[in-house]
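Q: how would this look folded up:
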Amino acid sequence: MFKWIHFVTVGITLFLIYSTQAKSQCSVDNFSFQPGETVTYHAYYNWHFIWLNAGIVHFNVEDRNYKDTNSWFFSAYGRTYSGYDHFMKVRDTFEVYVDKNNFQPLYFNRVTKEGSTESHHKYFFDYQNNQVNSQIKKEENTGYKDSTLTLQDCTNDLLTMVYKARNLEFDKYQKDDKIPIRMIVDGKIYDLYIRYLGKETIKNRDDRKFRCLKFSPLLVPGTIFESGEDMTVWVTDDLNRIPIMVEAKILVGSIKAVFVDAIGLRHKITAEVFD
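A: Sure, this is the predicted structure:
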C-alpha cells in the first residue's frame, strides 16, 4: 500500500512524457513555467468512500548553474506524514539540472528511501561523446553499479520530461492517438507511448473543478508499476499544463495524487471552472 509515495513522485513524472521522440521536438521553447514555481500534491489511498491521506509531494523550479552552464534545477520531494512513518517511512528525492539553451538534461539524481531500504540513481549526460553514464545503488552496503549507455535521440530522464512536455502542442492529437516517448529508467532506455484520451472536466478533493486534458501512459515493466495502461492523468487545459489528478488502479481500490496548491506560476490558472 505504501508504494503510493513512489506512485506520486514517479507517476506524475510519467504522465506528461510524450512526443519528445520526434527530432523537431527534442528542444522546446519554455512558455509554461518560471523559476520560483512550486506545485504541491497530496497522496491518497482510495477505496469506495475511504480516502486515506498519507503523504505530500512538492515539485519545484529554480535557476542554477551546472558546471558553468546556465540551467534550470527541477526537483520533486515526497514524504509520508509522521503519523504514518511507523507503518512505512518513505522519503523520495528527484533532482535534475537541465540546460536552458536546448532543454537537455545534464545530471539527474534520485534517492528513494522506503523503511530500511534505500536506493540511488544517478545519470551523467555526455553529449560530446553521445553517451550517458548510469550509477545505481540498490542495497545499503553495496557500491554503485556503473554502466555506459549510448544516447539515442531525445532520451530524457523522468523529471526533465515533465517540464519539457508542459511546453508542447496538445491540439494536434486526436482521441486515442498513441504518442511515442523515449526515457531512461533504472539504467535502461525505453521506447514507450502515451495514449491521449481527450478532454474532461473533473472535480478534485476540495470541490474545485478544472477543464483537463486526459492521458494514459504505457508503464515500464519491472518498475514499481505493473506494465500496461493502468494509470490515468488529468492536466489543466491552459498554458500552465499542471497535473490536477493522477490515478493508478491497484488490486483493491486505487492510489491517487491530487493537486493541492501552486505558487509562483507563470500564468493565471484559466482552466478552473466556476459554477
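Q: from now on I want contacts and neighbour counts done on CA atoms only, so please keep to that.
A: Fine.
Q: how about the nearest residue to Phe274, chain neighbours excluded?
A: Closest residue in space to Phe274, ignoring its immediate chain neighbours: Lys209 at 7.2 Å, by Cα to Cα, 6 or more residues apart in numbering.
Q: what number of residues lie near the one you found?
A: Around Lys209 there are 17 other residues, counting by other Cα atoms under 10 Å.
Q: do the one 5 residues further on as well
A: Other residues within reach of Lys214, judged by other Cα under 10 Å, total 23.
Q: what does Lys249 give?
A: Using other Cα under 10 Å, Lys249 has 15 other residues around it.
Q: how close does it sit to Ser216?
A: 12 Å (Cα to Cα, to the nearest Å).
Q: next one: Ala257
A: 15 Å.
Q: more neighbours: which of the two?
A: Ala257 (29 against 25).
Q: Asn46 is in contact with that one, correct?
A: No - the pair Ala257 and Asn46 fails to qualify as a contact (Cα atoms under 8 Å) at a distance of 10.5 Å.
Q: so what's the closest residue to Gly264 other than its chain neighbours up against?
A: Closest residue in space to Gly264, ignoring its immediate chain neighbours: Glu37 at 4.2 Å, by Cα to Cα, 6+ apart. If a contact means Cα atoms under 8 Å, 6 or more residues apart in numbering, then Glu37 has Asn60, Val61, Glu62, Ala262, Ile263, Gly264, Leu265, Arg266 as its contacts.
Q: this protein: helices as residue ranges?
A: 4-15, 85-88, 158-165 (DSSP state H).
Q: give the buried residues for the second one.
A: Buried residues in helix 85-88, defined by neighbour count with 16 or more other Cα atoms under 10 Å: Asp85, Met88.
Q: which non-adjacent residue is nearest Lys178?
A: In space, Lys178 is closest to Arg195, 4.5 Å off (Cα to Cα, 6+ apart).
Q: go ahead and confirm that neighbour touches Phe215.
A: Yes - using Cα under 8 Å, Arg195 makes contact with Phe215 at a distance of 5.6 Å.
Q: neighbour count winner among the two?
A: Taking other Cα under 10 Å, Arg195 and Phe215 do not tie; Phe215 has more neighbours (26 against 22).
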